[in-house]
Structure formats: C-alpha cells, structure tokens
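Novice: Here you go, sequence then predicted model.
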Amino acid sequence: MYPTRHALLRDRRSWQAALTALVADDDGVLSLQPLPQPPTPVILPPPYEVEASGLATAPCLGLFVADTAHDRVIFRDDFCCYKAVVAPVVFDCAEGLGFAGPRGLAYGSHGFAVADGGHARILTYRVETLVLLRDLQGPFTDPRGVALDAQGRFYVLDHASKRIERLHADGMLDTAYGDALSAQLQLPAFLALGNENVLWVSDAGSDSVRRFADDGTAGPLLPVPETGWKPRALAVAGARAYIADAHSGAIFAFEGDVSLGRLPGYRGPVTALAIGDDGALYIKPGMDDQVIVACAAAGVAASGELLAGPLDAGEGSDWERAALDVFVPQGARAELSVFFSDTAAPAPAANEWMIAPATDVLLATLASSTAPGPGQRRFLWLRARLYAGPNGEGPSLKQVQAATADEDYRQWLPSVYAEQDADTVLMRLLALARIEIGGAETIIADLPRLTAPDFVPMAALPWLADWLSFEVPNDLPAQAQREVLARAHEYARKRGTVAGLLAFVHLHTGLRPRLVEWHALRRIWQLGNESALGFDTALPPASADGMSVPDPTILKNTDPAWGCQAPERIVVGHSIVGADRPLPRADLGSVLFDDHAHRITIMVPAGQADDADLRARLREVVEAEKPAHVGCEICFIEPEMRIGMAARIGLDAVIAGEGEPLRLSESNLGHDTRLGGTPPPTGTVGQHARIGRGLVLG
C-alpha cells in the first residue's frame, strides 16, 4: 500500500465527516447551524412545569392563540396587522356554549380545530371563513391536545383518560390505534404531527419523547440531549423539531435524531410551541394570549462538532500534522482534538481524545506515556468543535487536513546542523516554517480552481463570468450559476441562432416562448395543385424583375413590330416614376422575399409574463441576443377566443376540465362547485358540434 501524503476532509461542498449542528454554505464552508432567536433575550422565572395551552400557525403569518385563561381563541394576522376573536358558535344556539378552557389548536387543509377541554369537545371550522363545521363529542372528557393530518383525521390527547385517540374524518373512532399508543405511554402531555403522519408525543410519566408511525407502531426514543431533561411542549415541521424542557426552562432543537442544542435567547416556561412557514418559532409562556416570536435564523447553535476517522497513513507511515483552516471571530472559539493508534480502532471514548493546544499541531508533540510513540501513528481520528461567541458570532471552518512526514528542511542546510540536532528542536522549528511556506504553495496550487466553475469559490463567480464575457442571472442559486458557467461555451456556440436566442430567453427570464420566422410563412404556388389566392399563394407586391425599360431599336426590328418577341412593355399604372427603377442583376426576384426575410416574431402567453419588469427584461434579452440585421416583434397573446373566427387551442383558448362535485357544508353551489352526476356533453375536434347541444363552453 502506497503511503498517504495528505488527507483533506472537504471536497467542494462535500465533507467526508459526520457533522453535528454545522451547516455548509455555497462554497462548502462550515458554520454553526442557524436557529430561531427572539429579538431580545427572554428570561422568565420558574416554575417551568406548566399545563398545556395551544398555538397553531396559518399561511401568510397567520397565528391562532388559545387564551385559556380568558376562555377565548384569538386569530392574529401579523402580515396585515389584524386581530380577531374566533366565535364559539354551535349548532344549537339555545345552548349558548362558549369556550371553556380552550387548549390544543390545529390548522390544516381540512379545517381549523380547537380542543375545548371544559366542554369535552373538539370544534372544527372552515379555514376560509372560520364558520363552524362540526361540534365533535368523542370518547374523551378533557381534551388538551389536537392534531390534523392530510386525510382529515383527528388526533386527540385526553388528559383524563391518559390516552391519545384517532378519529377519522367522519368521526369514527380508530380503536386499534388508540390501544397501540396507550400500551406505550404513561402520561402523555403534548403531541405534534410530523412527516408521513408520524405522531410525536412527550410522555411526562417517563420523561421521554416517543414517535409513532401511521399504523401505531412505536419508533425509537428520541435521544436525551442533557441529563435530567423533562420534555413537554413540542412542535415539528419536516425534520426539524423543538422541544421545551421543564427541568431547565430551555428549548432544545433537533434535526431528526440529532440534537442541535439549546435555542438561544429564551429560558422560561412553555405552554405551547408552533413553527411558522418562514421558519420562525412561536413560544407561548403562559395561559393568556402572550406569544414570543423567535425569528428564523436570527441565532446560531451554541456549539457544533465535526468527527472523522480513522484516516490511514499507509503501511510504515505515520501522521505528522493535523490542522484546521478556520476563521475565528473575537469571542468565538475553535478546538481541535486528535486520537491516533497503530490499529483501525473504533471511535475513541470521551476520555481518550487529546486536545491540541492550537488548531495546527505536530502530532509528535502530543505523544505521552498513554499515547503511542513514533512509528505507531498510522490511524488518525480528528474532531473539530466550534463554539459561538457571546453575541452569536461563530467560527467558519474551511478545511480540515492531515499530513504525513514531508521533506526535512535540514537537508537544505549544512550537514552540521542535522548532526547536532539530536533533540529535533531545529527540525520542528523548520517544520513550522514549512507550514507557512506550504500555505503560499497551497494558494499557488489553488489558482486553477478560479477557472473551474465546479471549484471556484462563490465570491469569485462574478469574476469568472466577466472573464468569460458571459452574463449570469444574479437570482439563480449558486449551484445553478456554476452549471450555467460550465455550459458557457455551448451558449456561445449557439449565439445568433434561433436555438441560441430561445436558450438565452429561458436562462434570463424562465420563459419558453414560441419563435416564428417569417420566411417559413411564405405561401408557395405549385403548378398542378389547387391553390387558393390568399391561402396557398399570394401576389407579389411588385414585379420580380423590377421595372423593365424596352429598347426602341429592338422593338423596330421585330416582325411583326411590337410582336410577341419584344421585351415586356412599361405598363401605365404598373410602374411609378421616381419609385420604381430597374433592379441590379443581384437583386432580381428580391421582392418575393424582402417582406419576410430577416424578420421574426416571439409569441408569449400573456399569463406567463404578466409582470411589467419581466416583459421589460424579455425585451432587453431579445434585443441583446438577436442579430443586428434581424427585425423582431414580441407578441403577448391574450385569450381572445371567438367562436367561428379565431380560436387556437393552447394559445388563445383553453378547454376546461371537469370540476369538483358538491360537498355539503364545505361548498357554495354555483360558486366553487357543481352538482355531480353525468358530465355535460363535450364537443370533439373534427366532428360536428353545436353550441348548447353537442358543445358546452368550459
């Protein structure tokens, strides 16, 4: 086996390592995972063990808040700065029942649900109008949590029976599901629904978080982030989960099973959590209507870790050096730890790591009585930890590398220096100099990356585009910009052609218009075929030979004079003095194609380009990319269908499909629905169809 000279853990955006609470940017540089954070730190006093209330997010910064203390549910629209109280209207108005301790809330495509614990019921509302749809009285006496899935099923946490029940959209109870969960839970406190209908439940009896599949099968326990934690309120969106800890008052963030640490900027009780569409976290600390908003990506995780190994130096070789290429702002911290062995051992235990005194270290200096000596550092484990500063600033890790023994700079000195360096002090000092010189050599070796779209740093992409004289849209993602620059030669090869013009239009606008060349629309009359004037053929605007002036000497010599052998005469009314003229030989016949040559029309459906800025951008791209001698007209096609006159399917006419049937209590007849049954008759292209009989307009 050949010895290894260098080991680099990062290849562009890919890292050959396990990452925890670290995220890569467009260049692959690692930084601490962004997390929500309140605008100002919020520290509230204990107790942190509180009862459940409710929050639910809606589109466009909408938020439903359960004001449990005042028996009401409030809707907030932070986008329009609007606030309203949800009316607890019931079917039997004589009862006059309002909310009594509303707690759990849920919002979904099938409606908005409220767990009205005081009345042992679940109320569901239409999401568009907040009109009551159903007053669900189920097998529960104190519902405190509710969730809705995409199928319209209800998940209800009943505090009195210590059970979680699932009800179908029609109200039927799923007994098997409830029994399966009850066998695994002791005292369910909060619930939330994740991807693929996986139900997350915090169990106050075992202080754990359980996850259940759609069939009720229990998954593995969520790993414990800190000793003594008591998980309570939780919110889930995709792979991200936030869980409140009743022991410390902190909120922990999870990405799948991996803990991202504590949420920065908040410590206090939590009665409900909700995640907005923009990634913001809504925190409800009490039973009233107070809500604290932790803005998305406003903070970072307190720490992150990179773990890699074992790295093999090869038979008979040792690792000599390990280093982090990292930028550390003031107040932040980066830490390098190593573990080496002569065997490919598994990941070391916590007490086996050796913390390096710097982020660039010679491994021989870390050798001790408990560590292998020289010649036994073939396998290497590396661990890099990044710690945020007090103001949330974190380090940026560009590369992690290890190197085996490189050239000894003592060979370039007189031999007396090496002979008298028995303690290798000079060798190590020169190795430090080699590290500095090696940095310059690395910069020189990386110069070819600046011309490679797949490797160039993100900050240098504009320079590379300018060097290639190629404009890249700024609104493209980083990877898309790299792909476009990699195909710049293909765009240049097609420039000036129809395919090239359409490609540039799509690149800069996203539109895929239709381009028509006028010369393709010329009507050609063919001898022997039936041709209709104006359809299959057309008269030229002038004589193809131009204006012909007869020669009098030739006319006199004809027999008979002015006979059929004479050239064409000038016809009064056919040629105009001052306008018509004899044509040069090279231009003979040009009148047959002058009106169509070098002219194109670009047709775009108006609905695809309804923005004035997009239309202006389209005109700029066409003007810049079309050949200078080509005239171009841009036509935005409007839907102007006229029966029997102009109707082009797909351009100015659209055939409507079959609509949705009526659903009781959820549709308005004649507005957003129709009666079901036999579909109306439809006309067929190529067959006879009469309006009102065999043809119905969509």
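Specialist: Everything's here; your move. Numbers count the residues shown, from 1 in each chain.
Novice: where does this protein have its least confident helix or strand?
Specialist: The helix or strand of the chain with the poorest confidence is helix 552-556; it has a mean of 53 (mean pLDDT, DSSP states H and E).
Novice: Mean confidence (pLDDT) on the helix or strand that it is followed by, please.
Specialist: Once the chain leaves helix 552-556, the next helix or strand it forms, by DSSP states H and E, is strand 599-605. Mean per-residue pLDDT for strand 599-605: 84.
Novice: What of stretch 624-639?
Specialist: Stretch 624-639 comes out at a mean pLDDT of 82.
Novice: Then stretch 202-209?
Specialist: Averaging pLDDT along stretch 202-209 gives 94.
Novice: in that stretch, what's buried?
Specialist: Ser202, Asp203, Ala204, Asp207, Ser208, Val209 (16 or more other Cβ atoms under 10 Å). The C-beta positions use only the backbone N, C-alpha and C, and glycine is treated the same way.
Novice: From those, pick the one nearest Leu464.
Specialist: Ranked by distance to Leu464 (Cβ to Cβ), the buried residues of stretch 202-209 are led by Val209 at 47.7 Å.
Novice: can you state the direction angle for the one helix or strand Val621 maps to and strand 599-605?
Specialist: Assigned by DSSP H and E, Val621 falls within helix 612-625. Orientation of helix 612-625 against strand 599-605 (axes from the mean of the first three to the mean of the last three Cα atoms, to 10 degrees) gives an angle of 160 degrees.
Novice: quick one: strands adjacent to the next helix or strand after helix 612-625?
Specialist: Note on helix 612-625: by DSSP H and E, the next helix or strand toward the C-terminus is strand 631-637. Looking at strand 631-637 with DSSP bridges, its partner strands are strand 599-605 (parallel).
Novice: re the thing from before, can I get the helix holding Val621 as CSV, trimmed to CA atoms?
Specialist: The C-alpha trace of helix 612-625 is given here as CSV (Å, rounded to 0.1, in the frame of the first residue of the first chain):
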residue,chain,number,x,y,z
ALA,A,612,-44.0,44.6,-16.4
ASP,A,613,-40.5,44.0,-15.2
LEU,A,614,-40.4,40.5,-16.7
ARG,A,615,-41.6,41.9,-20.0
ALA,A,616,-39.0,44.6,-20.0
ARG,A,617,-36.3,42.0,-19.2
LEU,A,618,-37.6,39.9,-22.1
ARG,A,619,-37.2,42.8,-24.5
GLU,A,620,-33.7,43.5,-23.2
VAL,A,621,-32.6,39.9,-23.7
VAL,A,622,-34.1,39.7,-27.2
GLU,A,623,-32.5,43.0,-28.2
ALA,A,624,-29.1,41.9,-26.9
GLU,A,625,-29.1,38.4,-28.4
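Novice: in the stretch 201-350 of the chain, which spans are strands?
Specialist: Here the stretch 201-350 of the chain has its strands, by DSSP state E, counting those that start in this stretch, at 208-212, 231-237, 240-245, 251-255, 258-262, 266-267, 272-275, 281-284, 292-300, 303-312, 319-327, 333-341.
Novice: what's the helix holding Val621 in contact with?
Specialist: 495-496, 500-501, 504-505, 508-509, 511, 602, 604, 609, 632, 634, 636 (Cβ atoms under 8 Å, 6 or more residues apart in numbering).
Novice: Are any of the residues you listed buried, and if so which?
Specialist: In the contacts of helix 612-625, burial by neighbour count holds for 500-501, 504-505, 508-509, 511, 602, 604, 609, 632, 634, 636, counting by 16+ other Cβ under 10 Å.
Novice: Can you name the two of the residues you listed that sit furthest apart?
Specialist: Checking the buried ones among the contacts of helix 612-625 with Cβ to Cβ, the most distant pair is Gly500 and Phe636, at 22.2 Å.
Novice: returning to what we had before: and the helix holding Val621, what's buried?
Specialist: Residues of helix 612-625 classed as buried: Leu614, Arg615, Arg617, Leu618, Val621, Val622, Glu625 (neighbour count, 16+ other Cβ under 10 Å).
Novice: And the fourth one, how close does it get to Val516?
Specialist: Spelled out, it's Leu618. Distance, Leu618 to Val516, by Cβ to Cβ, to the nearest Å: 16 Å.
Novice: Mind checking the pLDDT average for stretch 517-536?
Specialist: For stretch 517-536, the per-residue pLDDT averages 63.
Novice: for stretch 171-180, same thing?
Specialist: Stretch 171-180 comes out at a mean pLDDT of 90.
Novice: For Phe190, list the residues it contacts.
Specialist: Ala52, Gly145, Leu157, Val201, Ser202, Arg232, Ala233, Leu234.
Novice: what about the third one, helix or strand, and which?
Specialist: Element membership of Leu157 [criterion: DSSP H and E] is strand 154-158.
Novice: Just the angle for that strand relative to strand 208-212, thanks.
Specialist: 150 degrees.
Novice: Can you name every helix or strand that strand 154-158 contacts?
Specialist: strand 111-116, strand 143-148, strand 163-167, strand 188-193 (3 or more Cβ pairs under 8 Å, 6 or more residues apart in numbering; DSSP states H and E).
Novice: quick one: Gln37 from Gln16, how far?
Specialist: Taking Cβ to Cβ, one finds Gln37 at 31 Å from Gln16.
Novice: Tell me which of these two has more neighbours.
Specialist: Gln37 (21 against 13; other Cβ atoms under 10 Å).
Novice: Counting neighbours, what do you get for the closest residue to the more buried one other than its chain neighbours?
Specialist: The shortest distance from Gln37 to any non-neighbouring residue, by Cβ to Cβ, 6 or more residues apart in numbering, is to Gly299 (3.0 Å). Gly299: 23 surrounding residues under other Cβ under 10 Å.
Novice: And for Ala192?
Specialist: Neighbour count for Ala192, taken as other Cβ under 10 Å: 25.
Novice: That one contacts Arg232, correct?
Specialist: No: taking contacts as Cβ atoms under 8 Å, Ala192 lies outside contact range of Arg232: 11.6 Å.
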